[in-house]
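K.L.:
Next comes the sequence, and after it the predicted model I'd like to discuss.
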Amino acid sequence: MTTSSSEQGVSLGMPQLPAPAYPDDVRTRLEADAKEIISRYPGSRSALLPLLHLVQSEEGHVTRTGMQFCADMLGLTTAEVTAVATFYTMYRRKPSGDYQVGVCTNTLCAVMGGDAIFESLQEHLGVGNNGTTDDGKITLEHIECNAACDFAPVVMVNWEFFDNQTPETARQLVDDLRAGSEVSPTRGAPLCTFKETARILAGFPDERAGAVEAGGSAGPASLIGLRLAKGETEPARVVHPRGEGIEGEAPHDPSPTEHLSSHDAPQDTSASDPQHPAGPTAEEGE
């Protein structure tokens, strides 16, 4: 027995109409920006990613009008543009909030509390994954990796880092964002809206006073490996299991080539967020 199209949930209605054009003044402004972006590349097709950020900065997400604009500027088909816009999660396909709050739920962040943070925020905000609050302020999403494992669990707001979070601090963070209170990332540039972030990602300068200077760099925990590679480290301290030395072995300071014991005393992971450092692990058997 065959299944009808209607039973399969397939619509056989009229094809979708062409995307509406931008208003003339908006298109004129975007064309000037687009030409500046395209001029940076030897092949115009390479400008597609920043152009998608540009149109996202106009409406807060990549619309059919935006994709048609990119296709027109680059001599591509809308199918080619759509294939790229739907591949990368950094491009939003529906209206979203002023602040994209991303909670890392990959392995390390999840173990350190990322799953609990995400569940807490869903309940607190009353939205699911990729859901937006009624006031249009917050869009919540889980992220596979924020590339900041040294500071797990990590939350990002418009791609700025908020390290070593807890369910309580994450709830306070979104409440402050919705209230319009000043919120400062753990490191990096000051927050701006998602549309402003998209324009910066399109390759245009951040014109806010002091924003570039505040950009900073990786946190101290992320740079330990680099310091080790340069030999910029104090001699390691070996701590034997249960605090006991090996019988017959005299205490000594290890050489720089010795590996740390897996029972080394734990260290705080984030000097950049002293209010929420990673706490000490429990001793074996506790």
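P.N.:
Yes, it's here.
K.L.:
so where is this protein shaky, pLDDT-wise?
P.N.:
Within the chain, the segments meeting pLDDT under 70 span 1-15, 215-217, 233-286.
K.L.:
Tell me where it has helices.
P.N.:
Using DSSP state H, the helices assigned to the chain run over residues 24-38, 48-59, 64-74, 78-85, 107-112, 114-125, 167-179, 194-201, 224-229.
K.L.:
Need those helices in CSV (columns: distance to residue 100 and mean neighbour count).
P.N.:
Bear in mind the C-beta positions are built from the backbone N, C-alpha and C, glycine included. What follows is these, written out as CSV (distance: least, Cβ to Cβ, whole Å; neighbours: other Cβ atoms under 10 Å):
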stretch, distance to residue 100, mean neighbour count
helix 24-38, 22, 15
helix 48-59, 11, 22
helix 64-74, 17, 21
helix 78-85, 16, 17
helix 107-112, 17, 18
helix 114-125, 13, 19
helix 167-179, 11, 16
helix 194-201, 5, 20
helix 224-229, 29, 11
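K.L.:
Nearest to residue 213, out of the ones you listed?
P.N.:
Comparison of the helices of the chain against residue 213 by Cβ to Cβ identifies helix 194-201 as nearest, at 14.9 Å.
K.L.:
Now do that closest one: distance to the chain's middle.
P.N.:
13 Å (Cα atoms, centre = their mean, to the nearest Å).
K.L.:
Now do the same contact list for residue 127.
P.N.:
Contacts were defined as Cβ atoms under 8 Å, 6 or more residues apart in numbering; by that measure residue 127 touches 133, 138, 139, 140.
K.L.:
Nearest to residue 16 among the residues you listed?
P.N.:
Closest to residue 16 out of the contacts of residue 127 is residue 139 (25.1 Å), distances taken as Cβ to Cβ.
K.L.:
Nearest to residue 160, out of the helices of the chain?
P.N.:
Closest to residue 160 of the helices of the chain, according to Cβ to Cβ: helix 194-201, at 8.5 Å.
K.L.:
tilt between the closest one and helix 48-59?
P.N.:
With axes from the mean of the first three to the mean of the last three Cα atoms, to 10 degrees applied, the angle from helix 194-201 to helix 48-59 works out at 150 degrees.
K.L.:
neighbouring contacts of helix 194-201?
P.N.:
Residues from elsewhere that reach helix 194-201 (Cβ under 8 Å, 6+ apart): 50, 53-54, 56-58, 60, 90, 96-100, 139, 158-159, 192, 206.
K.L.:
Leaving out sequence neighbours, find the closest residue to residue 144.
P.N.:
The shortest distance from residue 144 to any non-neighbouring residue, by Cβ to Cβ, 6 or more residues apart in numbering, is to residue 106 (5.1 Å).
K.L.:
quick one on the thing from earlier: got a markdown table for the contacts of residue 127, with distance to residue 227 too?
P.N.:
As requested, the contacts of residue 127 are arranged in a markdown table below (distance: Cβ to Cβ, whole Å):
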| residue | distance to residue 227 |
| --- | --- |
| 133 | 42 |
| 138 | 37 |
| 139 | 37 |
| 140 | 36 |
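K.L.:
Can you tell me which of those residues is closest to residue 118?
P.N.:
Closest approach between those and residue 118, by Cβ to Cβ: residue 140, at 7.9 Å.
K.L.:
about what we covered before: what about burial for the contacts of residue 127, which qualify?
P.N.:
Among the contacts of residue 127, those buried by neighbour count (16 or more other Cβ atoms under 10 Å) are 133, 138, 139, 140.
K.L.:
Which of those fall within strands?
P.N.:
Those of those mapping onto strands are 138, 139, 140, per DSSP state E.
K.L.:
which one of these is nearest residue 64?
P.N.:
residue 139 (19.8 Å).
K.L.:
Distance of the closest one relative to residue 126?
P.N.:
Distance of residue 139 to residue 126, given as Cβ to Cβ, to the nearest Å: 13 Å.
K.L.:
Can you check which residues contact both of those two?
P.N.:
By Cβ under 8 Å, 6+ apart, the residues touching both residue 139 and residue 126 are residue 133.
K.L.:
I figured residue 154 was touching residue 163, is that so?
P.N.:
Yes. Proximity of residue 154 to residue 163 meets the contact threshold set by Cβ atoms under 8 Å, at 5.8 Å.
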